[in-house]
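**Student:** Model the structure of this input:
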Amino acid sequence: MVPGHSNPLKLLVLCPLFSSSPALLSPLSALRGPGTLTTLSDIHSVIPPGPKEVYRPRSQAPSCASLGPAAAARMDQSGAIQETLAQGEHCVIAVQGVVCAGDSLQSRLLGLVRCGPEYALFLYSHRRMAIAGEDVSLDKVVPITRNFTVEEVSPDGDLHVLGSDVTVWMESEEISLTVRLPFGSHTRMFLQEVIRSCPAPSLGVPDPQFRWLGRYRCAGQGEEQQPKMQQQLQKPALAVAGIPDAEELKPNGKGVLGEQSSWVFEKPEAASTRSNKSKPEITSDMVRSSTVTVSDKAHILSMQKFGLRDTIVKSQLVQKEEAYTYIQKFRFFVGTYNVNGQSPKEGLRPWLSQDVQPPDIYCIGFQELDLSKEAFFFNDTPKEEEWFKAVTEGLHPDAKYAKVKLIRLVGIMLLLYVKQEHAVHISEVEAETVGTGIMGRMGNKGGVAIRFRFHNTSICIVNSHLAAHTEEYERRNQDYKDICSRMQFCQVDPNLPPLTIGKHDVILWLGDLNYRIEELDVETVKKLIEEKAFQTLYTYDQLKIQVAAKAVFQGFTEGELSFQPTYKYDTGSDEWDTSEKCRAPAWCDRILWKGKNITQLSYQNHMALKTSDHKPVSAVFDIGVRVVNEELYRKTLEEIVRSLDKMENANIPSVTLSKREFLFQDVKYMQLQVESFMIYNGQVPCQFEFINKPGENSYCKQWLNANPSKGFLLPDSAVEIELELFVNKTTATKLNSGEDQIEDILVLHLDRGKDYFLSVSGNYLPSCFGSPLHTLCYMREPIQDLTYETIRELTLMPLQTEDDGTREEKPLEIPKELWMMVDHLYRNASQQEDLFQQPGLRSEFELIRDCLDTGMLDTLSGSNHSVAEALLLFLESLPEPVVCYSLYDTCLECSSNYPLSKQIISTLPTCHKNVFNYLMAFLKELLNNSGKNHLDEKILASTFGSLLLRSPAGHQKPDVAEKKKAQDFIQQFLV
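**Tutor:** Sure thing, here's the model as predicted:
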């Protein structure tokens, strides 16, 4: 029975739970085009030890299409900024950086924002991965005027180690900023777009006015600055607050705003620490230095921009690689350590420096670096620095090492070091993260990876922490597959699609994979360990079984497990777990590899370290790396260029498509469908790209993606294109209502050739996910049993505070779908450990969704974690949150006043009010069982607060203090 009575009090009877109480060596120099950095003297010519070269912008507006796959790879960051912007404003590209002000280092997300022909840099503070708009808070806005300059800076006479961060000095009329940006092609693209966005001096062209920034100017001023602002804005010519009067926008002779208009908007605390306009001193601790640089074949090509010719040359060089390279072995040390949230308490040399010969490269991974709630929710921890220092001190004493990269996602951290003499041969360094925690957002589980090129061999290092618990091997398999599919690295050439893990010559995968020993009891496992019968025990190892079933790690190799399991010990000892749970020992911590010319020399645990309940593991490899013979390389390059000259005299490119019409049948919410086709090239090399149709901002609708969306083809070659259709919270509502349909036309464009048109059609199965609450309350039948006309009418029905009585049927008190999920969790999961913190299985979510949408089953199938995640996804998908957008600010103001907060909730539309009270009663029931489920008010308030209380689109996003208010508002109802 579902809650369908008109009297809200009858919910107490109907619902049982109520009755019981996150590039190049010199990115700016790369703007001149690749091909300039070939020798050490070339590097000194780019970054001279004397006065630095200032790069003045040129007038060329960037296009969205020019961003290519890099923009897609950073969709989570630019998307977060986009949610903070007003209509007509577009975040072109975003990058993570650190603002350096004296001794202060402040992490900021930088976004290049366009409104019409004008651009500005938006700087946001944040305390967790910038995935949604609520994760960021606007700190500064810097208009890009004609006098805006960008310059890379470094200590006199010093050069960066490849892979180190890039320090950039930005200056305008009002501010100078020193910003440290991560090394890689994405930073280079960001700087390219910033420089292109600057307006060039031109006679007869009006100066930029930046009227659209008025709203941010007001938002960024402190209280003490407001009176002056109010005086400026009370002029009758402009009635809209935040838009300055036209008289204030007169140029001051420099082509910029006059003195009364300060267009650098800062929060008061940021303004107080801003440095003066003189160029700052760059200290040695801000930029790692060395006297080495990069050797990269692609840079030898003296071409002014990436293009078809460059791409063809590099492709043919890859095909002829054996003609100009030879194999040389290098020693790799790979280590993994789950530190259980502990700080380092002992030296790491017994783990990192056990061998006599120092390794050439160190790949060191950690898991559970920090188990605190702050790290879980905000990705912020002081333990990163503690363990980084411990590792640096533990490296082999007989060699000098340079840190190439550090990447961290919550408690998963990966460090890459190389011997200083090898740094000259490291290039194309990129790092990425993938969270596989609850809703695919939390980074308590997931993976981090660093990819790079060493000499002529591409290498990818992956550190992962997969789902826990013995019975959750399917969840671990899913985590592995998610990391493989979602981990993508930008390429140096923006015309090429992102690289996946599998597209590397050598892959080293390490981490706490969490696979356990199955079918044996604890005592039997311990007995086999005591007898050192490791091979017998290994036959019961879940990872071995799953690899044999080809469920995970296909093509990977693991060395023989000749050491005792590394989990679980009593902390500070070598004794097996003596806690109440008495976990069975298991080889949770593993190292696998994939590729050619790899020899494992050792694979062992390190019992001497006792800081954690895990023991660290290491593997040492000799890996054959392809090294370039420069003389043979030049000869091969010359042959390729000569043959290319002949090819370019041929006709215009022409291709054949294997398919032009694509039908996606019965598309479901959050269930990927893929259709593929082949592009067969003729006799002429060609470059292809899906392009925007006139008047549109993207080459396809939001629910569609082409992979790859651009690329090139050599003569007589082919490529497979996958069209991926995926409906999420952003697109579901309009598909439910019929305002949008599965219909689109794609335009495939050939450079110097013709356009090809592809037709996409299909049908979407309506879902309760993405439907408004009040709409679902009027649906007594499952949504897929209703006609499209009825669904459209109910979805487009306006939200009212009370039922106006115009409809024949009374609405349900709460949606039946919500009741089914909550009731299932109340009856089955009140004591479930890690509820709302551990993800469910995707396959189980699909069954739950189908059950809710079709009503085929009276009970939900799947684990408690899958139902819990489905509930969170349902709340996230609501187009109007449970606490309506219009009440967002009022709720924050009353976050410490419970009586007023209750009064606010009482003003919600009836269905929203009922849902809020229903959820709060359920959460309090969970807290009554906190001794078993280990939940507390902060965890629940943080998890549900961001879903029930969401800021409206275009709203100025809250800072950390305001986010805390949103959590406090929900927490009031739980205590």
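**Student:** what packs against the host helix or strand of Lys902?
**Tutor:** Assigned by DSSP states H and E, Lys902 falls within helix 898-906. Using 3 or more CB pairs under 8 Å, 6 or more residues apart in numbering; DSSP states H and E, the elements in contact with helix 898-906 are helix 888-893, helix 910-928. In short, each C-beta sits where N, CA and C put it, glycine included.
**Student:** Give me the contacts around it.
**Tutor:** With CB atoms under 8 Å, 6 or more residues apart in numbering as the test, helix 898-906 has contacts from 883, 887, 890-891, 894-895, 913, 916-917, 969, 972-973.
**Student:** Give the rounded mean pLDDT of stretch 765-778.
**Tutor:** The average pLDDT within stretch 765-778 is 95.
**Student:** go on, stretch 674-681?
**Tutor:** So the average pLDDT for stretch 674-681 ends up being 96.
**Student:** ok now that stretch, how far from the chain's centre?
**Tutor:** Distance, stretch centre to chain centre, for stretch 674-681: 28 Å (CA atoms, centre = their mean, to the nearest Å).
**Student:** CA atoms of it as CSV?
**Tutor:** Extracted in CSV, the C-alpha atoms of stretch 674-681 (Å, rounded to 0.1, in the frame of the first residue of the first chain):
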residue,chain,number,x,y,z
VAL,A,674,26.1,2.7,-28.2
GLU,A,675,25.9,2.5,-31.9
SER,A,676,29.0,2.4,-34.1
PHE,A,677,30.0,2.9,-37.7
MET,A,678,33.2,2.9,-39.7
ILE,A,679,34.9,5.7,-41.7
TYR,A,680,36.9,4.2,-44.6
ASN,A,681,39.4,6.6,-46.2
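**Student:** Can we start the residue count at 9 from this point?
**Tutor:** New numbering, starting at 9: the last item is stretch 682-689.
**Student:** Of all the residues in it, which ones are buried?
**Tutor:** Residues 683, 685, 687, 689 are the ones in stretch 682-689 that count as buried (16 or more other CB atoms under 10 Å).
**Student:** Quickly note the distance from the residue nearest to the last one when sequence neighbours are not counted to Asp318.
**Tutor:** Take Asn689 and drop its neighbours on the chain: the residue closest to it by CB to CB, 6 or more residues apart in numbering is Leu721, 3.8 Å away. Plainly put, Leu721 is 15 Å away from Asp318 if you go by CB to CB, to the nearest Å.
**Student:** Tell me which of the two has more neighbours.
**Tutor:** Leu721 (24 against 20; other CB atoms under 10 Å).
**Student:** if I pick that one, what's in contact with it?
**Tutor:** 663, 687, 689, 693-696, 727.
**Student:** how about the residue located most distally from the centre of the chain, secondary structure?
**Tutor:** The centre of the chain is farthest from one residue, Glu816, which by CA atoms, centre = their mean lies 47.5 Å away. Here Glu816 is recorded as coil under DSSP: H, G, I helix; E, B strand; the rest coil.
**Student:** ok, it to Met787 distance?
**Tutor:** Taken as CB to CB, the span from Glu816 to Met787 is 14 Å.
**Student:** low-scoring stretches of the stretch 309-458 of the chain, by residue?
**Tutor:** For the stretch 309-458 of the chain, applying pLDDT under 70 flags the ranges 309-317, 381-388, 448-451.
**Student:** can you pull out the helices in it?
**Tutor:** Along the stretch 309-458 of the chain, counting by DSSP state H, counting those that start in this stretch, helices occupy 316-327, 357-360, 381-386, 391-402.
**Student:** Generate a markdown table for those helices, with distance to Gln428 as supplementary columns.
**Tutor:** Formatted as a markdown table, the helices of the stretch 309-458 of the chain follow (distance: least, CB to CB, whole Å):
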| stretch | distance to Gln428 |
| --- | --- |
| helix 316-327 | 28 |
| helix 357-360 | 17 |
| helix 381-386 | 33 |
| helix 391-402 | 14 |
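**Student:** closest one to Phe670 among those?
**Tutor:** helix 316-327 (27.1 Å; CB to CB).
**Student:** That closest one: which residues count as buried?
**Tutor:** 316-325.
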